[in-house]
Every structure is written in structure tokens, then in C-alpha cells.
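S.K.: next come a sequence and a model predicted from it.
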Amino acid sequence: MTQQPSLNEMIDAITKTFLVAHVDDTDAHLAQALVYNAGRLAWRMREQGVDINQKTSVSDVVTDADRAAERFVAGVLEVVRPEDGILGEEGATRPSTSGRTWVIDPVDGTYNFSSGSDYWCSALALADAEGVIFGAVHRPAMGYTWFGGRDFPTSRDGKDVAKLQNQSAKEISMATYLHPTSIQDADIRAAWQRVGEKFATVRMLGAGSVDLSSVADGTWGAWMQHSVADWDWFPGKALVEAAGGAARKLEAGGVEWCIAGNKQVVDEMEEWLRG
């Protein structure tokens, strides 16, 4: 009887196949190929059924697809960028000897992913001591791949997006996320409300890198969330800034907020958050 390969063995085989075609890629091409293939891998795994485990709460979950996609990305980087560091949401880690680190979010919006929603993505960023070099995001359901950064104008599927123009909050939407436990915190709730109530409309869809990519291409107007991990911030921050917008962090209500959008609205948001 033939023994079926384990999931890790299958991912390692996929990694080897990918390496044959991409071993000589530039950083930019490599990043886009990695998020595309990681996202597609997770998509295929979901269609076949995945195991779901809670992390910190019923809405903070991880699946076999998250781990598999991160194993794939990290496995490729270990071969083609051996001196670069790795920081992955699901535990992949390696110190950097080059001064550069790849930040991996294999499935951003895992609750959405595990619930059957299409609002999720695979995201990746490359950072150095000066900040984020670039970000890449792939949303499988739409087929979109966003890319942009320090030396690259933001593009979606290879076509440059329009540069973000100044607009005030009252003219545009805000994408955001606020966990129910934060809504119960009076200080956090008040800080959020000072900003949220100023926008034309608010959207809360639960995948920060999709939100930020959509701010960069003009679909959403701005974005705000507190206590954001690097893997949820770096890819989208790079995209927004490379599209001519602004992306900042500041303290308010006892937590650190990340805000992004066109430069005018980010100035407004900062003023409102500071009260």
C-alpha cells in the first residue's frame, strides 16, 4: 500500500518546483510570485477543507492553510535569500545578517477565510533599518496582486494606480476594525469615534492588508486600526506611501493607532485622534 505524503512533504515539493522557475528573480518579482502562489495554495486547501484552531479568541484563528502557505514562503526565502531575516505571523523566524527582513502574513483575514468569505489575502513585505522597502499583496478571489514601495510606484496587476489626491474625511470612506473588547474600552472607543464619525461612511471587513491595498488603489478612502502587528502593517503601508499617500502611527486612548490614506485625511485623522 502506497503511503500518502504528509502536508509538509507536499509543501516542500511545491517549494522545490517554485524554486526552479524563480531562483534568479529580482526581489520585486520574487515577492509578487510568492504572494500569488501562497494565496492560491491557501485557496486550494480551503476548497478541500482545512482544520481551524483558536489562537486568542473565537475570532482569532489559524488554519492548516496559514501554516502551509507560510512554510512555502519561508522555505523559498531560506534558499534564495539566505542572508535575509524572516518574520512570519505563524512562527517562521530567522535573524538577518544582511540588514533586511521579509515579513510574512500567509493568510490575512483568517476568520474571513475560515468562514468562506472572499475578503482575505496573502501579504509580504521587505524591510530594512530605514523602514519598509516594498509590499506585495495578493487577493485570490479577485485575482488582484498589488505591489509598490520605496523605488516602485504602486501597481495592481502590473498597472500603476492613480496617485492619491487630497480629500477630506467627509468626502470619502474609512475602512477599519475594532474588536468587541475594544468597543467596551471607553478610552479606545472614544478615540475611534472621534475619527470614525467624521467620515462619509465606514466599512469594517476584517482584513487589514486588503483594506490598505484598497486605500492605495482608491477603492477605500482611509484606514485606521490599533495595535497592528508588522505583518498586518508593513505591506499595506508600503503600498499607500508608494501611491502618494501617508501612513503613520500615533498613541491615543492608551493604544497605538495605525492610520493611512491621502495626506490631507491622514493629517485630519491625526488631529482628531489627539483630541
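M.R.: Now that the structure is in, tell me what you want to look at.
S.K.: need the contact list for the nearest residue to residue 207 once chain neighbours are set aside.
M.R.: Distance criterion Cβ to Cβ, 6 or more residues apart in numbering; nearest residue to residue 207, sequence neighbours excluded, is residue 109 at 2.9 Å. Placement of C-beta: from N, CA and C, glycine included. Counting by Cβ atoms under 8 Å, 6 or more residues apart in numbering, residue 109 makes contact with 117, 119-121, 206-210.
S.K.: compute the distance between the residue nearest the centre of the chain and residue 103, please.
M.R.: Centrality entry for the chain: nearest residue to the mean C-alpha point is residue 209, 3.2 Å, by Cα atoms, centre = their mean. Counting by Cβ to Cβ, to the nearest Å, the gap from residue 209 to residue 103 is 11 Å.
S.K.: overlap of the contact sets of these two?
M.R.: Joint contacts of residue 209 and residue 103 (Cβ under 8 Å, 6+ apart) are residue 235.
S.K.: and the residue nearest to residue 207, how far is that from residue 28?
M.R.: The value you get for residue 109 to residue 28, if Cβ to Cβ is used, is 24 Å.
S.K.: tell me who's in contact with the residue nearest to the centre of the chain.
M.R.: 105, 108-109, 121, 123, 137, 232, 235-236.
S.K.: could you redo the last one with a cut-off of 6 Å?
M.R.: Residue 209 sits next to 108, 121, 123, 137, 235-236 when contact means Cβ atoms under 6 Å, 6 or more residues apart in numbering.
S.K.: cool, residue 242 as well?
M.R.: Residue 242 touches 148-149, 153-154, counting by Cβ under 6 Å, 6+ apart.
S.K.: what's the neighbour count on residue 271?
M.R.: If you count neighbours by other Cβ atoms under 10 Å, residue 271 ends up with 11.
S.K.: and it, what element?
M.R.: Per DSSP states H and E: residue 271 is located in helix 263-274.
S.K.: quick check: buried residues in that helix?
M.R.: Buried residues in helix 263-274, defined by neighbour count with 16 or more other Cβ atoms under 10 Å: 264-270, 272-273.
S.K.: each with direction, which strands does the one helix or strand residue 135 maps to pair with?
M.R.: Remark: residue 135 resides in strand 131-139, with elements defined by DSSP H and E. As defined by DSSP bridges, the strand partners of strand 131-139 come to strand 121-128 (antiparallel), strand 144-149 (antiparallel).
S.K.: using PDB, list the CA coordinates for it.
M.R.: What follows is strand 131-139, C-alpha atoms only, in PDB (Å, rounded to 0.1, in the frame of the first residue of the first chain):
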ATOM      1  CA  GLY A 131      11.700  51.100   7.100                       C
ATOM      2  CA  VAL A 132       9.700  49.200   4.500                       C
ATOM      3  CA  ILE A 133      11.300  48.700   1.100                       C
ATOM      4  CA  PHE A 134       8.200  47.300  -0.600                       C
ATOM      5  CA  GLY A 135       5.000  45.400   0.000                       C
ATOM      6  CA  ALA A 136       3.100  42.800  -2.100                       C
ATOM      7  CA  VAL A 137      -0.400  41.600  -1.600                       C
ATOM      8  CA  HIS A 138      -2.500  39.000  -3.500                       C
ATOM      9  CA  ARG A 139      -6.300  38.700  -3.100                       C
END
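S.K.: any idea how far residue 266 is from residue 31?
M.R.: Residue 266 is 25 Å from residue 31, by Cβ to Cβ.
S.K.: no wait, residue 148
M.R.: For residue 148 relative to residue 31 (Cβ to Cβ), the value is 11 Å.
S.K.: could you identify the most distant pair in the buried residues of helix 263-274?
M.R.: By the measure Cβ to Cβ, 264 and 273 form the most distant pair in those, at 15.1 Å.
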